[in-house]
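*Asks:* All I have is the shape, not the residue letters:
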């Protein structure tokens, strides 16, 4: 029998949770925060992401059950919705407490980020504004990571912009495989209204914009990267563009699958490396 902890982890959307946490930790390390602060950022972000993922599965339990989602422990009856609900509130409370130790700017940014995720779960996912929580949350992620600590420094505008447009790519590609199930249960968010092909093109177009913003951030300003840094920055951008082209091709020629989302995750890892190379350039 699978343990309750494993079932809760499976209900927490572990892939996106890990990705967002890694992004935050890498950005925090890239701007020179001490190890203890990087760890605090990671713990705070993972608590918030766990709460959002758990809330999603708790709130959508009936809908997931209606369409026979085999990847949802609640829908399969392996764990009670009430247990997932309690875990969602518990991790949300932990996120609030941990946020208070980040400093005022990072704390407010993270609380708004988590609130945006819960707002999506609670109903925005069914409206044309479903993309807004992703734009807000991913746009604020660099603020949380960079402004943590007593200095409360702010990230460069290009870093915030990168997060915001990356949120569009995440939202659209994550939803595309569920369009049919969502239509059957009355969910019509931003990607649903665009349709499969248009939403896919928008998603991977946003990914290219994000890569371009990271490249701009590294090559511009008073302290741009030089030498090998320029080569790595350009190569990273080219890799993301190639992945985006592959994604568009898959969207236009075949049925939507989780591969589309995995391409965005792979691109995020490339962007993480680029952000790590950017270092202090992330700071405004």
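*Replies:* Perfect, I can see it now. Note that this is a predicted model, so its numbers are computed, not measured.
*Asks:* pLDDT weak spots in the stretch 51-200 of the chain?
*Replies:* Counting by pLDDT under 70, the stretch 51-200 of the chain has low-confidence residues at 64, 67-68, 70, 180, 184.
*Asks:* just the helices in it please.
*Replies:* When assigned using DSSP state H, counting those that start in this stretch, the helices of the stretch 51-200 of the chain occupy the ranges 61-66, 81-99, 104-122, 132-147, 157-175, 179-184, 190-194, 196-219.
*Asks:* which helices and strands does the fourth one pack with?
*Replies:* Put plainly, it is helix 132-147. Using 3 or more C-beta pairs under 8 Å, 6 or more residues apart in numbering; DSSP states H and E as the contact definition, the elements that helix 132-147 packs against are helix 14-30, helix 35-59, helix 104-122, helix 157-175. Just so you know, the C-beta spots here come from the backbone N, C-alpha and C atoms, and that holds for glycine as well.
*Asks:* Reformat these as a markdown table; add distance to residue 239 and mean neighbour count.
*Replies:* A markdown table is the format used below for those (distance: least, C-beta to C-beta, whole Å; neighbours: other C-beta atoms under 10 Å):
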| stretch | distance to residue 239 | mean neighbour count |
| --- | --- | --- |
| helix 14-30 | 17 | 20 |
| helix 35-59 | 25 | 22 |
| helix 104-122 | 28 | 21 |
| helix 157-175 | 15 | 24 |
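*Asks:* Of the ones you listed, which is nearest residue 248?
*Replies:* With C-beta to C-beta, the closest approach to residue 248 among the helices and strands packed on helix 132-147 belongs to helix 157-175: 11.1 Å.
*Asks:* and the angle from the closest one to helix 132-147?
*Replies:* If you take axes from the mean of the first three to the mean of the last three C-alpha atoms, to 10 degrees, helix 157-175 sits at 140 degrees to helix 132-147.
*Asks:* Show me what helix 157-175 is packed up against.
*Replies:* helix 14-30, helix 132-147, helix 190-194, helix 196-219, helix 258-278.
*Asks:* if you compare those helices, which one is most tucked away?
*Replies:* With neighbours defined by mean count of other C-beta atoms under 10 Å, none of the helices and strands packed on helix 157-175 is more surrounded on average than helix 132-147, at a mean of 25.
*Asks:* and stretch 259-274, how far from the chain's centre?
*Replies:* Averaging C-alpha coordinates over stretch 259-274 and over its chain gives two centres that are 11 Å apart (C-alpha atoms, centre = their mean, to the nearest Å).
*Asks:* who's in contact with it?
*Replies:* Under the contact criterion C-beta atoms under 8 Å, 6 or more residues apart in numbering, stretch 259-274 has outside partners 15, 19, 22-23, 26, 162, 166, 169-170, 173-174, 176-177, 200, 203-204, 207, 210-211, 214-215, 218, 232-233, 236-237, 239-240, 243-244, 246-247, 250-251.
*Asks:* For the helices and strands packed on helix 157-175, give me JSON lines that also has distance to residue 51.
*Replies:* Putting the helices and strands packed on helix 157-175 into JSON lines (distance: least, C-beta to C-beta, whole Å) gives the following:
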{"stretch": "helix 14-30", "distance to residue 51": "10"}
{"stretch": "helix 132-147", "distance to residue 51": "12"}
{"stretch": "helix 190-194", "distance to residue 51": "23"}
{"stretch": "helix 196-219", "distance to residue 51": "25"}
{"stretch": "helix 258-278", "distance to residue 51": "21"}
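*Asks:* Report how many residues lie close to residue 69.
*Replies:* The number of residues packed near residue 69 is 18, by other C-beta atoms under 10 Å.
*Asks:* how about the nearest residue to it, chain neighbours excluded?
*Replies:* When the adjacent residues along the chain are set aside, residue 69 lies closest to residue 75, with 4.6 Å between them (C-beta to C-beta, 6 or more residues apart in numbering).
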